[in-house]
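S.K.: My questions concern the predicted model and sequence given below.
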Amino acid sequence: MPTFPHVQVDPTQQLDPFKAVKKIPLEEFFTSGHRTCQGCESALVMKMMAKAAGPRTIVLGSTGCMYVANTTYYSTSWVVPWMHTQLGSSGSAALGTAAALKALMRKGKMKKEPINVIAFCGDGGGADMGISGISATLTHPDYNSLILMYDNESYANTDIQLSGSTPWGANTTFSTPGKVKRIMHRRWKKNMAAMMAAGHPETKYVATICMSYGLAGMNAIRKALAIGGPTFIHCLDPCPKGWDYDPYLSHEMGELAVNTGVWPMWEVENGVFRLTGRTQQIAAGKIKRQPVRDYLTKQGRFAHFTKDDTDYFQSKVDEMWDKWIVPGVIPFQKDLDADHPPAE
Amino acid sequence: MAQSATLIEQEKRTEETALITGSEAIAVACKLADVDVITAYPIRPYDTVMQYVSKLVSNGEMDCEFIVAEGEHSQFEIVKHASAAGARVFVGSSGVGWMYAMEALTVTPALRIPMIAMVGNRALDDPGAFGVEHNDALAVRDLGWQLVWVDNPQEALDTALIAYRVAEDRRVFLPCAISCDGAFLTHSQALVKIPTQDQVNKFLPRYNRGDLLLHPDNPITVAPQGNEDWVMEIRRQNFAAIERSAGVIREAYKEFESIFGRSYGNPFFEEYMTQDADVVLMGMGTLSTPVKVAIRKMRAEGKKVGFVRLRWFRPFVAEELAKCLQRFSAVGVIDRDYSFGSPYNSGVVANEVRTALYAAPGAKPPVLGFISGLGGREVTVPDVEKISDSVIAASKGKSQPLTQWIGLRE
């Protein structure tokens, strides 16, 4: 792949994929001390993210669940250096930290060494408020960093308010079904990762993951950190409080999101796109896509759905799989008439 | 850590004189200070400093990460994080651009980040105006920022070097904004003595983040959720830091004088023809030019008017300033800002001066507030004479309004 002229990317750490669950080191870099809810998938993402990155890592954390509930004064769970950043600042935090390391090492003010820089944000901090900062960071080819967006599909720390990443129709404290309006949230979920991938073609790695498939998720993080330049990962995190289900179902909820086709998993690596994991198997016809009803009915946030609502949801997911140019990723439909004009 | 000199630090140059603007003077200071990370975003009039920085970088005269951000919020957040990771940083803005960065501006002193910013003072929208008003920089006056106003390019350069030394002093570790009046200073040239690199190296030690450095060798957690458990104690530490800053500023000016051979006298405010003055005017920034001209004219007419130009607005040396002002029979404060609904609807500086005098033991001369030169309007010599006449009348016991707008179209 051609590299930019005038760009000098510093070396990254060699982070080969973990071959199997049993090959993953036991050492933790995110341990006890946090206060997240029972069944919190996002805390698991933090733990796996830190483990995948290893000890020579700096983590920047946006305001959100993984700040407020996760990182308390005098009881930090972070073994690696960690710093708070503002809600919309994950992109800037990654960029500023990486720029400092680059300048200080180049000028001989700091020992030369590849250090991972990871900034995380929730869906509110990322897909809503922080989108312009993340976008800007993904256009700076010189700085090695990963922005990880953990998406629990609402502002879950502040009382479950809808975000641009909340699925259509969901009951949140800003979209409570009422006597006159059943569906208060009428916006479709933002296609964040694809937006980042399509909009920043020089970004070498963009992926969607779900930690119900933990090994694949950790290896995606390692790939993103090792590839060089800015990278972006979007992780879907089931949230017992926000989605309203029994905490023991968190793992299953992530699997259902993937198996119903609601959450397609894919990666773009050095410009090459591929579907990954179960999503790839669904696309290849090896396994059948489950109906979305199986996913929706297990969550209280969709309890007010009528059959029509569920059918609409299903039709939108079908459209994504059947009509989009790249299923689940690029939402443009081919103009069949123009492509295949009728014979004269 | 090895202390081998960087390329900039090694440079040997003799002192030279150059005809440069206030903005360019600060860009030169950034180069001399060997700043590591600089972020830019366009807004008039501060952005000229970044145009000069950009040229220094492209010409290889300066070695730094020069990042053009996508908005002021990111612009200030990027350098905040760079500073936490050990980099010396520079940033700046004007008017509503500064306000767009407000969230970053609030957390920066709270995180004890010694960020140096240039504010090219500009009127806040709406309606749009490129000209100077001080409300932009003054908006952060309660948050722990050190705020200094300069009135010529030489002072801009020197103050930038002093600001780095003070802000990065471990006893302080607070950000500092250097205010330069839009157009009157950002775009006006004067002859400036450029110090040598050796002098600057001697004056300005490297930024050492110490045990607050965010680095895998020092795996700390910065700014976890504190709540009512700890926030008050942390605020108190910030209070102690800004309290210490006045002493550190005094030290820095003394050291500056001994290394560079240029003296600013009292670091916090400049006195002009005050020795035998009956009344004084007060103000910040480039107001000093018309005021000094007017004073020389009035002196010829037998009116004994002096001038006190406030440099450091934060920390505000209330006792020292009160002691100075108590020597006069009346004080007229010219504010290039407004504070609508505040006591007597005076400007920000007038209200601070009244507060300083109220609590000070001894004489309490009347303090008149004047709002003038808003939106970049020129404060003219006749304006200053009009102001002075009112202050002189007050000194003779004649009742005067506590706040007057001067230079307003009637």
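M.R.: Cool, the structure landed. Residues are numbered from 1 along each chain as shown, chains lettered A, B, ... in the order given.

S.K.: all strands for the stretch 251-400 of chain B, in order.
M.R.: Remark: strands assigned in the stretch 251-400 of chain B by DSSP state E, counting those that start in this stretch are B:269-272, B:279-283, B:305-310, B:312-314, B:330-335, B:367-372.

S.K.: Equivalent analysis for chain A, please.
M.R.: Here chain A has its strands, by DSSP state E, at A:57-62, A:82-85, A:116-122, A:145-151, A:205-209, A:230-236, A:266-269, A:272-275, A:324-326, A:330-333.

S.K.: likewise the stretch 51-200 of chain B?
M.R.: Here the stretch 51-200 of chain B has its strands, by DSSP E, counting those that start in this stretch, at B:65-68, B:89-93, B:116-121, B:146-149, B:176-181, B:189-194.

S.K.: quick one: which of these is nearest chain A?
M.R.: Minimum separation from chain A across those (Cβ to the nearest Cβ) falls at strand B:65-68, 4.2 Å. For glycine as for every other residue, the C-beta is placed from the backbone atoms N, C-alpha and C.

S.K.: Taking the stretch 151-300 of chain A, what residue is nearest to chain B?
M.R.: Counting by Cβ to the nearest Cβ, the stretch 151-300 of chain A gets nearest chain B through residue A:157, at 10.2 Å.

S.K.: ok now do that residue, which residues does it touch?
M.R.: Contacts for residue A:157 were tallied using Cβ atoms under 8 Å, 6 or more residues apart in numbering or on different chains; they are A:64, A:65, A:67, A:68, A:69, A:122.

S.K.: Repeat that for residue A:189.
M.R.: Applying Cβ under 8 Å, 6+ apart to residue A:189 gives the contacts A:153, A:164, A:165, A:166, A:167, A:168.

S.K.: can we see that at 6 Å?
M.R.: For residue A:189, the contact set (Cβ atoms under 6 Å, 6 or more residues apart in numbering or on different chains) comprises A:165, A:167.

S.K.: Now the closest residue to residue B:278 other than its chain neighbours: phi and psi?
M.R.: Nearest residue to residue B:278, sequence neighbours excluded (Cβ to Cβ, 6 or more residues apart in numbering or on different chains): residue B:304, at 4.3 Å. The phi/psi pair for residue B:304 (degrees, to the nearest 10) reads phi -90, psi 80.

S.K.: Same check on residue A:34?
M.R.: Per-residue torsions, residue A:34: phi -90, psi 170 (degrees, to the nearest 10).

S.K.: Hmm, it is touching residue A:77, no?
M.R.: Yes. Contact criterion Cβ atoms under 6 Å: residue A:34 and residue A:77 qualify, at 4.3 Å.

S.K.: These two: who's more crowded?
M.R.: residue A:77 (23 against 20; other Cβ atoms under 10 Å in any protein chain shown).

S.K.: residue contacts, that one?
M.R.: A:30, A:31, A:33, A:34.

S.K.: can you pick the most crowded of these?
M.R.: residue A:30 leads the contacts of residue A:77 on contacts (other Cβ under 10 Å) with 26 neighbours.

S.K.: what pairs with that one across the strands?
M.R.: With DSSP bridges as the criterion, residue A:30 is bridged to residue A:78.

S.K.: Distance of it relative to chain B?
M.R.: Going from residue A:30 to chain B by Cβ to the nearest Cβ, to the nearest Å gives 11 Å.

S.K.: So for that residue, what pLDDT did the model give?
M.R.: Note on residue A:30: pLDDT of 96.

S.K.: Please name the nearest non-neighbouring residue to the closest residue to chain B within the stretch 51-200 of chain A.
M.R.: Relative to chain B, the nearest point of the stretch 51-200 of chain A is residue A:96 (3.1 Å; Cβ to the nearest Cβ). Excluding the flanking residues, the one nearest residue A:96 by Cβ to Cβ, 6+ apart is residue B:81, at 3.1 Å.

S.K.: Check the gap between that neighbour and residue B:108 for me.
M.R.: 10 Å (Cβ to Cβ, to the nearest Å).

S.K.: In terms of neighbours, single out the busier of those two.
M.R.: residue B:81 (32 against 27).

S.K.: what's the distance between the more buried one and residue B:206?
M.R.: Noted for residue B:81: a distance of 19 Å to residue B:206, by Cβ to Cβ.

S.K.: Over to residue A:227?
M.R.: Counting by Cβ to Cβ, the gap from residue A:227 to residue B:206 is 33 Å.

S.K.: which one of those two has more residues nearby?
M.R.: Neighbour totals were compared for residue A:227 and residue B:206, and residue A:227 leads with 19 against 14 (other Cβ under 10 Å).

S.K.: and the residue nearest to residue A:96, what does it touch?
M.R.: Neighbouring residues of residue B:81 by Cβ under 6 Å, 6+ apart: A:93, A:96, A:97.

S.K.: switch the cut-off to 7 Å
M.R.: Neighbour list for residue B:81: A:60, A:85, A:92, A:93, A:96, A:97 [criterion: Cβ atoms under 7 Å, 6 or more residues apart in numbering or on different chains].

S.K.: Nearest to residue B:405 among these?
M.R.: Closest to residue B:405 out of the contacts of residue B:81 is residue A:92 (40.5 Å), distances taken as Cβ to Cβ.
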